[in-house]
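S.K.: Just to be clear, the model below is a prediction. Sequence and coordinates:
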Amino acid sequence: MSPLQYLSNPDVVSTELGEEAVLLHLQSQRYYTVNETGLAIWSLLAEPRSLDEIVEALAQDFEVTREDARTAARAFLDELLADGLVREAEG
Amino acid sequence: MDACLQIGPHAVRIEALDGAAREIGHRLLQYLASARSGEGTDVGRVELTTVSELPEAPPGVPVAARYEDFDLTLWRAGDGLFLRSRLVAITVAPRRGEARVALLAEASTSGDTFAVLMLAVCALLRPHGLLPLHAAGLVLAGEGVLVSAASGSGKSTLTLALVREGWGFLSDDALLLEDTASGVEALPFRRTFGLLPETMAWLPVPAEGWPRHPADGRKVAVPMADLLPAQAAGRCRPGVLLFPRIVEASESRLLPLRQAEALTALMRQSGLITLDPEWAREHMAVLGRLVEQARAYRLLAGRDVLEAPSDVSRLLASTVPPLASAA
């Protein structure tokens, strides 16, 4: 079975500012600020990505263990899903 | 009626097809105070007409967005836009430079009408790289300062206080941004200041006899650039962004803001622009470049804004690096 993948919602516009980014959900008109790690994950989600792919990228870019990367990525994805910033894509 | 709205190097023709529309067009030009004749590159026309019944949206075109505060709905078909509120319907073909405005008779007395009309003008200016921003624009020693805040936050009071201290100005409320090779620049969109009559004692004109501000009946619309031409600026490159908030204190204070905080604050003042996804995307990108080129501060505005504006002017001029080095 293909792993579940995630993709950013096209109803969200964003702008990077140094190591942060600001996201605007056009439907809810809510704003979000993400830090460096969140920005790295958000950038990956411009294409469909599985959690494993995100974990691998974080572990490499931030030189952290895969366990720590998985914890951070899972928590962030759950927030993005809860607020409709990200959706599950066909694997 | 055939008049010209001058916006920087551009000109938008206003054509009214009947008497009631002529009155609204005249008030729009008065409100923006940018009417000129024979100047500027013609970028389009706004045709105004009053109707007994507003046209419906084109069939089969999906709703793109809805803005509850203005009871405004946007339909988009490719480049074309159709906007409809309770009193106004506008069909815009930006690439052709055409905006057709249908108004019900009651529209002439509604403050929201002018916000929607300005949106139509913005739609014609957008293909020419101009984007609107709800903010005041000031200049000190060549350095641009933008003041952005929701109504009631002290923006107008602060702006007027600094103009009174000799600061240059673009507008007290409505600007256009242009992303140029040398950075984001600001131009005035609306030249009239909305003033409470009791705040006009220092001006060289009487407080009576000015037209009422269409969005705030307590205020009058005063063509400040005509009254203080030496302080009127045509354009600036903002190096400072101020976000005032009124506080219970005798003296004002400045708190630095992160770029992300400043961008969010500016976007929150973009209202109708975030109505359309394409506009929102472009607007956010330009505002992102603006916050990267400028320093942003929260101004906790104390009573000195009213009681000792020269102190506030000195605070800003001496504390904010771009202003301190420019002065």
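M.R.: Perfect, I can see it now.

S.K.: What count of nearby residues applies to the residue in chain A positioned nearest to chain B?
M.R.: Nearest to chain B, among the residues of chain A, is A:Thr15, at 3.8 Å (CB to the nearest CB). Any C-beta I mention is one placed from the backbone N, CA and C, and that applies to glycine too. By other CB atoms under 10 Å in any protein chain shown, 23 other residues sit near A:Thr15.

S.K.: Ok, B:Lys155 next?
M.R.: Residues lying near B:Lys155 (other CB under 10 Å) number 26.

S.K.: Contact partners for it?
M.R.: B:135-136, B:147-149, B:172-173, B:244 (CB atoms under 8 Å, 6 or more residues apart in numbering or on different chains).

S.K.: again, but for A:Arg87
M.R.: Per CB under 8 Å, 6+ apart, neighbours of A:Arg87: A:6-7, A:9, A:81.

S.K.: Check these and tell me the two furthest apart.
M.R.: A:Leu7 and A:Leu81 (11.1 Å; CB to CB).

S.K.: tell me, what's touching the two both at once?
M.R.: Residues touching both A:Leu7 and A:Leu81 comprise A:87-88, with contact defined as CB under 8 Å, 6+ apart.

S.K.: can you list contacts of the helix or strand containing B:Leu133?
M.R.: Here B:Leu133, judged by DSSP states H and E, is contained in strand B:130-134. For strand B:130-134, contacts defined as CB under 8 Å, 6+ apart pick out B:7-8, B:10, B:118, B:122, B:125, B:146, B:148, B:173-178, B:186-187, B:189, B:266, B:269-271, B:273, B:279, B:282-283, B:286-287.

S.K.: pLDDT (mean, whole number) over it?
M.R.: Strand B:130-134 comes out with an average pLDDT of 91.

S.K.: Show me where chain A dips below the pLDDT cut-off.
M.R.: A:1, A:90-91 (pLDDT under 70).

S.K.: Could I get the full set of strands for it?
M.R.: Taking DSSP state E as the criterion, chain A contains strands spanning A:5-8, A:12-17, A:20-25, A:30-34, A:49-50, A:86-89.

S.K.: Which of these sits closest to B:Gly142?
M.R.: Taking those one by one with CB to CB, strand A:12-17 is closest: 25.8 Å.

S.K.: what's the closest one packed up against?
M.R.: strand A:20-25, helix B:259-268, helix B:277-293 (3 or more CB pairs under 8 Å, 6 or more residues apart in numbering or on different chains; DSSP states H and E).

S.K.: quick one, the second one and strand B:130-134 angle?
M.R.: In this structure, helix B:259-268 runs at an angle of 90 degrees to strand B:130-134, with axes from the mean of the first three to the mean of the last three CA atoms, to 10 degrees as the basis.

S.K.: Now do helix B:259-268 against strand A:20-25, angle only.
M.R.: Using the same axes, to 10 degrees: helix B:259-268 against strand A:20-25 is 30 degrees.

S.K.: who's in contact with helix B:259-268?
M.R.: Here helix B:259-268 makes contact (CB under 8 Å, 6+ apart) with A:15, A:17-18, A:20-22, A:24, A:31, A:33, B:133, B:135, B:148, B:150, B:241, B:243, B:257, B:274, B:283-284, B:287-288, B:290-292, B:294, B:296.

S.K.: Just the buried ones out of those residues, please.
M.R.: Buried subset of the contacts of helix B:259-268 (neighbour count, 16 or more other CB atoms under 10 Å in any protein chain shown): A:15, A:17, A:20-22, A:24, A:33, B:133, B:135, B:148, B:241, B:243, B:257, B:274, B:283-284, B:287-288, B:290-292, B:294, B:296.

S.K.: Residues of chain B that sit close to chain A?
M.R.: B:65, B:258-261, B:263-264, B:267-268, B:274, B:277, B:280-281, B:284-285, B:287-288, B:291-292 (CB under 8 Å from any CB of the partner chain).

S.K.: can you put the helices and strands packed on strand A:12-17 in a markdown table and add distance to B:Val222?
M.R.: Conversion of the helices and strands packed on strand A:12-17 to a markdown table gives the following (distance: least, CB to CB, whole Å):
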| stretch | distance to B:Val222 |
| --- | --- |
| strand A:20-25 | 35 |
| helix B:259-268 | 26 |
| helix B:277-293 | 28 |
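
S.K.: For chain A, what is the nearest residue in the stretch 51-200 of chain B?
M.R.: Taking CB to the nearest CB, the stretch 51-200 of chain B has B:Ala65 as its residue nearest chain A, at 7.4 Å.

S.K.: ok, the closest residue to chain A within the stretch 201-327 of chain B to A:Asp68 distance?
M.R.: Nearest to chain A in the stretch 201-327 of chain B, going by CB to the nearest CB, is B:Gly288, at a distance of 3.8 Å. Separation of B:Gly288 from A:Asp68 (CB to CB, to the nearest Å) stands at 30 Å.

S.K.: can you list contacts of stretch A:19-29?
M.R.: When contacts are defined by CB under 8 Å, 6+ apart, stretch A:19-29 is touched by residues A:9, A:11-15, A:30-36, A:38-39, A:42, A:83-85, B:65, B:258-260, B:263-264, B:267, B:274, B:277, B:280, B:284, B:288.

S.K.: measure it end to end?
M.R.: One end of stretch A:19-29 to the other measures 23 Å (CA to CA, to the nearest Å).
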